[in-house]
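Undergrad: Sequence and predicted structure below; questions after.
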Amino acid sequence: MIQLDLTGQVAVVTGGSSGIGLATAELFLHAGASVAICGRDSDRLARAERELRERHPQAQLLAARCDVLDAADVAAFASEVEKRFGRADMLVNNAGQGRVSTFANTTDEAWREELDLKYFSIIRPTRAFLPMLRNAANQGDGNAAIVCVNSLLALQPEPHMVATSSARAGVLSLIKSLAVELAPEHIRVNSILIGIVESGQWRRRYEADGEAQAAGQSWEDWTRELARKKHIPLGRFGRPEEAAQALFYLATSLSSYTTGSHIDVSGGVARHV
Ligand code: NDP
């Protein structure tokens with residue numbers, strides 16, 4: 001395994017209190033970085049902070065309550081990071097969740113909510129942390145990077161997730177534009193396109209599946225069956241740490257000559273060449 005020493009660097013992970021974000025925060029801590037995570041639910045955030053501190057007693061860690069859709073929250077989060085660590089080198093825009101709905105049952109309000117979530121969960125944190133990322137980029141051999149968690153739906157839409165798929169495609173375009181605009185400032189912008197990753201949102205869907213619960217189906221059997229139904233070539237859901245490793249690569253100098261690009265973490269689901 002390549003060991004990268006990130007001591008002195010600061011990674012910010014939105015939605016770092018669960019699933020992919022939590023696994024990503026852990027990787028950064030493991031590599032010696034200072035880490036700031038945020039989420040809306042204070043209890044979930046406190047649990048995540050406890051878990052991370054147990055495993056990394058020396059952790060330089062900030063866990064802040066912040067809704068990325070609230071401009072004031074995001075500005076306050078960025079100020080807290082600046083006060084505590086004095087810098088931000090890597091921003092992982094991860095916070096969010098998908099919406100299951102077809103064109104027939106997506107209301108105007110639902111469309112607006114979904115577009116708002118997918119776009120502004122990137123726009124607001126990016127805007128708030130840009131000054132610190134610019135400073136990081138200007139420091140000698142500095143590494144400044146933004147990585148966004150996006151979905152394979154951006155390239156391969158699913159009609160039962162019409163609003164999410166459409167928003168994901170738009171976000172892919174946004175990320176490309178950002179990468180080109182920020183390249184002269186030596187800030188790289190990339191994304192990962194994930195398929196299905198075991199996480200809080202899939203746990204919640206499993207718990208809400210009345211049939212599976214009534215039949216006493218285990219989580220393992222439920223995910224395996226779904227992977228088969230969804231024709232995932234690798235035959236299983238991804239694990240949060242598998243998405244986290246791709247995010248880590250794109251956030252750090254391991255990918256210093258990569259910008260405006262994405263990594264597929266879908267277990268082979270992508271059908272395009
Ligand atoms: P989880 O539900 O496990 O984690 C989501 C995290 O985001 C939580 O920490 C949650 O905390 C936080 N969050 C959600 N909304 C906000 C908000 N408005 N402001 C701040 N934090 C927020 O799910 P995943 O790890 O799966 O999700 C991570 C990302 O991956 C999401 O953007 C999701 O859409 C995307 N994704 C996941 C897929 C999968 O199969 N798992 C597939 C495609 C994309 P809290 O609720 O307390 O705010």
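TA: All right, it came through fine.
Undergrad: Please make it C-alpha for all contacts and neighbour counts, starting now.
TA: Noted.
Undergrad: and L115, what does it touch?
TA: Contacts for L115 (C-alpha atoms under 8 Å, 6 or more residues apart in numbering) come out as 163-164, 167.
Undergrad: swap that for R271, please
TA: Counting by C-alpha under 8 Å, 6+ apart, R271 has no contacts.
Undergrad: And A244, by the same measure?
TA: By C-alpha under 8 Å, 6+ apart, the contact list for A244 reads 20-21, 23-24, 27.
Undergrad: Any buried residues in stretch 216-226, and which?
TA: Applying a neighbour-count criterion of 16 or more other C-alpha atoms under 10 Å, the buried positions in stretch 216-226 are 223-224.
Undergrad: Then stretch 121-132?
TA: Residues of stretch 121-132 classed as buried by neighbour count (16+ other C-alpha under 10 Å): 121-126, 128-130, 132.
Undergrad: Okay, helices next: where are they in the protein?
TA: 19-30, 42-55, 71-85, 108-137, 162-182, 200-208, 210-214, 219-229, 240-251 (DSSP state H).
Undergrad: ok, and of the contacts of A244, which contact the ligand?
TA: Counting by C-alpha under 6 Å from any ligand atom, 20-21 from the contacts of A244 sit close to the ligand.
Undergrad: now the contacts of A244: which count as buried?
TA: 20-21, 23-24, 27.
Undergrad: Serialize the helices of the chain to TSV and add fields for mean pLDDT and distance to G260.
TA: Listed next are these as TSV, based on pLDDT from 0 to 100; distance: least, C-alpha to C-alpha, whole Å:
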stretch	mean pLDDT	distance to G260
helix 19-30	97	20
helix 42-55	97	31
helix 71-85	98	24
helix 108-137	98	15
helix 162-182	98	5
helix 200-208	87	28
helix 210-214	92	41
helix 219-229	93	30
helix 240-251	98	11
